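> Pasted the sequence and its predicted model underneath.
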Amino acid sequence: MNGAHTRYRIAAYVVGVMLVLLVLVAMPIKYFGDNAVPVQVIGTAHGWLFAGYLALTFDLARRTNWPLRRTLGVMVSGTIPFLSFVVERKVDKWLAADGAKTAADTKTGAAEAAPVEHADA
């Protein structure tokens, strides 16, 4: 899960930076400088990177068994400037809390006492 978290963090930062560049740099150049090229380049890059961000967020959510509402909230955060940075910090806290809980469960033996489900084909 640590690898999935690292991939998510990198994607969140990259998508966040690209969105800020799009909104605060490329859009003003388009409308005040009458030059649409930066929007075309940065917008396209952001779109492709956002698709990757969605896939990596889904991967992390699947590995951590997040509820659908949390998963969708984290995914949508990549569409609002600066929010992906805030939510990325929240995800760190959620995962740290889950890690502390897992460590405590293992220490007390609760992890071994949990029933194991097997998927039969």
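Here it is on my side, so go on. Residues are numbered from 1 along each chain as shown.
> I'd like the average pLDDT over the longest helix seen in the chain.
As assigned by DSSP state H, the longest helix anywhere in the chain is helix 37-64. Taken as a whole, helix 37-64 has a mean pLDDT of 96.
> can you pull out the helices in this protein?
Along the chain, counting by DSSP H, helices occupy 2-21, 27-32, 37-64, 68-76, 83-108, 110-113.
> so can I have TSV of those showing mean neighbour count?
Backbone N, C-alpha and C define where each C-beta goes, glycine included. Formatted as TSV, the helices of the chain follow (neighbours: other CB atoms under 10 Å):
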stretch	mean neighbour count
helix 2-21	18
helix 27-32	13
helix 37-64	16
helix 68-76	14
helix 83-108	14
helix 110-113	10
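> what residue ranges in the chain score low on pLDDT?
1, 100-121 (pLDDT under 70).
> quick revisit: elements contacting the longest helix of the chain?
With contacts defined as 3 or more CB pairs under 8 Å, 6 or more residues apart in numbering; DSSP states H and E, helix 37-64 has these neighbours: helix 2-21, helix 27-32, helix 68-76, helix 83-108.
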